[in-house]
Every structure is written in C-alpha cells, then in structure tokens.
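Colleague: next comes the sequence, and after it the predicted model I'd like to discuss.
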Amino acid sequence: MSASILLIIGIVVFVFGYFVYSKFVAKYILQLDDKNITPAHEFKDEIDYVPANKFVLWGHHFTAVAGAAPIVGPAIAVQWGWLPAFLWVVLGTVFFAGIHDMSALWASVKNQGKSIGNVCQKVIGMKIGQLFMVVIFLVLLMVNAAFGVIIAKESVEYPTTIIPAWGAILIALLMGQAIYRFKMNLALVTIVSVVLLYILVPIGVAYPVNLPENIAGLDSLRQWVVILFVYAGIASILPVWMLLQPRDYVNGVQLVIGLILLYGSIIIVNPVVLAPDIIPAIKAGDYSLIIPVLFITIACGAISGFHGIVASGTTSKQINKESDVRFVGYLGSVGEGSLALGTIIACVAGVGLLNANAGLNPDTWTSLFKPGAGNFASGGGAIVSNATGLSFEAASTLFSLMLILFAATTMDAGIRLQRYIIQEWGEIYKIPFLRKNVIATILAVGISFIMAMNGIGEGGKNEVAIWPLFGATNQILASLTLLTIAVILIKNKKIGGSLVVLVPLVFILIMAFWGASIKVLEFYNQGNWLLLVIDILVLVVTIMVVLSALSTISKTLSENK
C-alpha cells in the first residue's frame, strides 16, 4: 500500500468537506449573515473582545485546539492497523468535528460571545448549564495537567527544541506589537516571524538546553512543569493580541509549512505502509480491542469537546464578521484533521525508513510496533530527511518542535478558559473576589499544577491513566455541545437541519459514554479513587443533561405543533 494514496484520498475528502458540505450548512442551516454585528464589535474592550483578521484568528483557533492530541491519539490508534484510524480521522473531521466546531462558534457568536456552558444554561436550563460547566472545567483541568507533563517530557527528551520553542514567545510578542500597535503589513510580519523561528531551529540543535538534575528536590521534569505553569499563568492574563493570538497564528503558519513539507516529502519518497489495514485479532472478531476505544483514543483529529470550549471561550470574542465563523471554525477542524492524517502516515510508513525498524512489516506489526507520539517526530523526520537531504536530527527536531508548540498554545488557552469559568462562577454565585483576573488565574494555575505534579508519578504512569479518561470526557463534552446546538436549531424550527448535529451526536455520545463506563471498573480495580470519582461525576452529569435536553426538545416540539 502506497502512503501517497492515503494522503490523496484524505485531502480530496477534506476539500469536499470545506468547499461543499460546510458551505451548505453555513448557508442553509446556520444562515451566517455579515449584516449582523458580532460580539467582538459590540463589546470591544481590547483585552478579550477584539475583532481579528480571519487569517490571524484561524491561526490562533487552530493551534489552540490542535495541541498534542491529534498527534498523540493517532500515534496510539495505529497499533490496531491503519484503516480504522484513517477512516475515523477523515470522516470524523468532515462530518463530526467540522460541524461541531463551526456550530459551537456560531452559537457563542449569537449569544454575546458566551461560553458553550453559558449557552446551555440559556437554552436548556440554569441548573443543567451549571452541571455542564463542571464537565467543561474538568476537561480543561485534565488538558492543562496532561499537556503540561507532555511538554515537560518533550523538553527533557528533546533539549534541541528549547531555544526555538521559547524563542517563539519573543517572536510572538514582537509580532503582536508590529501588527496591532505599528499596523505593519501582515504578510511581511508573517514572513519575518516564520523565518526567525526556523533560524532558531539549527541554533537549538547546536545548543541543546538541559536543566540541572536536581533543584530543591525537583528533577528536571518537575522543574519544567513549574516553569511551564508560571509562564501559562502570566500568558493567560495578557491581552489576547499581545501574545496568545500572534503566537497561535505563527504556530499555525509553521504547522501549514510543516504539513506542506511532510505532505510533499510523502509524495516524493512515497514510502510503503508497513501496518496492516486491520490487525489479525480484530479481523478474527475481537472487536473489543477497538470499540469503543478507538473513538476515545482519537479525539482531536476527529471530534473534540475541547474545541467547543475554545470556540466559545476565546475565538467567538474575536470574530470580525459572521462569515468568518465557517472559515475559522470548520477550516480549523480540517487543519487539525490534516495534522492527524500526517501523523498516521508518519507512523505507519515513515517509521519504516529508520534502520532500527528494518524488521517491521504487516506480519510483525503487532509484536514490533511501539505506539506513541515519538513516532510522529521520528517517522516524519525520516520522510523529510529522505526527500530533502536535511539531516535526520534537524528534521525530527522540526516535528518535535511542532508537538511542543501546539501543546503549549493549548495550555495557554486552557488556563485562560479556566479563568473565564471561575470568573463566571464568581458572578453567578455572588463571590466578588473570584471575578478578579489575578485571583481567578492563580486558582486555575494552582489546581492544574497540582494535578500535573500528581500526574507525573513513577515513570509517568498516572499521566497515562489520565489520557483515556480525558478522551472519554472530551467526547462526552462534544456530544453535550452538539445536544445544545440541536436544541437551539429545534427551537428555531430547523428540525430537518438539526440532523447534521443529531447524527454525530448520537454516535459519539454512545461511544464516549460506553468508554467512560468501562473506565469506572478499571479505576476501581486500580484503586485510582481520584479518577474514579471524576469519571462517575462526568457520567452522572451527562445523564442529567441529556434527560433535561430531551425534555426541552419534547416541550418545544409540542409547542411548535
């Protein structure tokens, strides 16, 4: 099987999704209209509500939602064969993720840029909406904790990425000043910023940065966790135009460049897919290996509730005009799906170009392949190195840098979104000090930091335990977001149009609830009481939200007769 064939099929389906399917949904169901004023203009404050260029905003949104998940998830899922991961990523992006992200962004824009939890309160009920907010907060907590540990581990394992990764922050600060304060040409600023970022890559390779083995009882991994959360806290209270938006934008641009480089190299090298389409055990009928696990392992890259949090938390407050909702929301999902597709090919074909994997083939795949995000850097680096003549070390550093930068931008957005929720709770429950930016930020950073430090464990075992629960909870959140959208559409008498969200809603709700239910028994047997309590809480809240939403839908349909 040729890797180029997989790539071309995936791209064709993505093109159909954006230019045909999303256009239909935007025009006839969501009815986007540029005559309507957006929250970015109505509540403009130059801090959170800021009208943004759609290309810059796409970069911010894309990199904020992408993170490490569309790399980590597919890199694990290909252990079951290339076909299940490929189909879920490609079809999930077009019919699930794109619709979820675009409609969540639309719902928030139509409701003063409020979070999806706040929108749920409005359309389903205050108490149910508050429970929804609890699920959102737990997802953000797991995202920030897990990604903080992942970045720290990458920083220890790939010290060549430190200079370019942290240099990207300085570049973003300068970029924000150039665009918003000095009104410089966006194209020129973009070119200069990306060139500077890539200049830092060989410098990083030449001068790797390693922290001391021990400072105040903290090993280098934990030192990075401390540094990362201090940075994330500071970044989350800066105006979005100063760091978050330009950093996400330049990361988005370098991802596009990285994907073009990877995709072009795949066409040139045309490596052979070494993985079987489906591993023998599943073909023999053991479907429990993959169902429902596949659908909670690959979240970002197919559909992810976290996207709805970002779309309604920060992105909706920066939408310049309604038509930008489709460009930013749906195309952001396509971008992430493209990253997941590239990851699949790097893992099932690129790794075969490494001498260490000389014995890898479809027959030995199950026994020899070691799933993990490292295959993205090594496999992608091998493909690019073979196509361009670039050294393997430099090429693999480029892909490691992509992983770190995306995880970091997700953390930036995640801490900011946690702050928003804490401030909303302060407003709802009349607790004045929770409304303050600094207090809310300290609480958000502190809680996430504690879970991250607790999640490192011996050999990172607890971090691994968090990942499947994060995946299941993330997908449940996506289904609840789609449920909220469905209620809005039905209330607006768009019953037929609601099918575009109801179909993915029912499928992913069943898979995610099934996956989370399985984890309850696993956590109990492991004695992991923290994750057990969180899992049960998520399941109970899900049942309550779904029942309440069904009651609202039934009442609405009766009134519309």
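Modeller: Nice, I can see it.
Colleague: buried stuff in the longest helix along the chain?
Modeller: For the chain, the longest helix by residue count, based on DSSP state H, is helix 392-428. Buried residues in helix 392-428, counted by 16 or more other C-beta atoms under 10 Å: 394-426. Every C-beta, even on glycine, is put in place using the N, C-alpha and C of the backbone.
Colleague: centre of the chain to it, how far?
Modeller: In this view, helix 392-428 has its centroid 9 Å away from the chain centroid, taken as C-alpha atoms, centre = their mean, to the nearest Å.
Colleague: does the next helix-or-strand element following that helix pack against any helices or strands, and if so which?
Modeller: Later in the chain than helix 392-428, the nearest helix or strand by DSSP states H and E is helix 437-456. Using 3 or more C-beta pairs under 8 Å, 6 or more residues apart in numbering; DSSP states H and E, the elements in contact with helix 437-456 are helix 126-157, helix 220-237, helix 392-428, helix 461-491.
Colleague: residues contacting helix 437-456, please?
Modeller: For helix 437-456, the surrounding residues in contact (C-beta atoms under 8 Å, 6 or more residues apart in numbering) are 140-142, 144-146, 148-149, 221-222, 225-226, 229-230, 232-233, 236-237, 414-415, 418-419, 422-423, 426, 433-434, 462-463, 466, 530.
Colleague: which among those end up buried?
Modeller: The buried subset of the contacts of helix 437-456 - by 16+ other C-beta under 10 Å - is 140-142, 144-146, 148-149, 221-222, 225-226, 229, 232-233, 236, 414-415, 418-419, 422-423, 426, 434, 462-463, 466.
Colleague: hmm, back to that, so which of the helices and strands packed on helix 437-456 gets nearest Ile267?
Modeller: helix 392-428 (16.2 Å; C-beta to C-beta).
Colleague: what angle do helix 437-456 and the closest one make with each other?
Modeller: 130 degrees (axes from the mean of the first three to the mean of the last three C-alpha atoms, to 10 degrees).
Colleague: relative to helix 220-237, how tilted is helix 392-428?
Modeller: Using the same axes, to 10 degrees: helix 392-428 against helix 220-237 is 50 degrees.
Colleague: got a list of what the residue lying closest to Ile267 once chain neighbours are set aside touches?
Modeller: Excluding its sequence neighbours, the residue lying closest to Ile267 (C-beta to C-beta, 6 or more residues apart in numbering) is Ser4, at 5.5 Å. Contact analysis of Ser4 by C-beta under 8 Å, 6+ apart lists 266-267, 270.
Colleague: list the buried residues for the helix or strand encompassing Ser4?
Modeller: In the assignment (DSSP H and E), Ser4 maps to helix 3-16. Buried residues in helix 3-16, counted by 16+ other C-beta under 10 Å: 3-4, 6-7, 10, 13-14.
Colleague: in JSON lines, list those residues along with pLDDT and distance to Val325.
Modeller: Shown next, in JSON lines, are the buried residues of helix 3-16 (pLDDT from 0 to 100; distance: C-beta to C-beta, whole Å):
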{"residue": "Ala3", "pLDDT": "93", "distance to Val325": "34"}
{"residue": "Ser4", "pLDDT": "94", "distance to Val325": "34"}
{"residue": "Leu6", "pLDDT": "95", "distance to Val325": "31"}
{"residue": "Leu7", "pLDDT": "95", "distance to Val325": "29"}
{"residue": "Gly10", "pLDDT": "96", "distance to Val325": "24"}
{"residue": "Val13", "pLDDT": "97", "distance to Val325": "22"}
{"residue": "Phe14", "pLDDT": "97", "distance to Val325": "18"}
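Colleague: count of residues packed around Ser333?
Modeller: By other C-beta atoms under 10 Å, the residues close to Ser333 number 35.
Colleague: likewise Leu32?
Modeller: Residues near Leu32, counting by other C-beta under 10 Å: 18.
Colleague: nearest residue to it in space, please, no chain neighbours.
Modeller: Glu322 (4.3 Å).
Colleague: so where's the stretch 101-250 of the chain uncertain?
Modeller: Applying pLDDT under 70 to the stretch 101-250 of the chain flags no residue at all.
Colleague: which residues does Asn263 contact?
Modeller: Wrong residue type there; residue 263 is Tyr, not Asn. Taking C-beta under 8 Å, 6+ apart, one finds 7, 11, 342 in contact with Tyr263.
Colleague: hang on, Val194 packs against Val253?
Modeller: Yes. The criterion here is C-beta atoms under 8 Å, and Val194 meets it with Val253 at 5.5 Å.
Colleague: with respect to Tyr158, which of the buried residues of helix 3-16 is nearest?
Modeller: Once C-beta to C-beta is applied, the member of these that ends up nearest Tyr158 is Ala3, at 24.6 Å.
Colleague: that'll do, ta.
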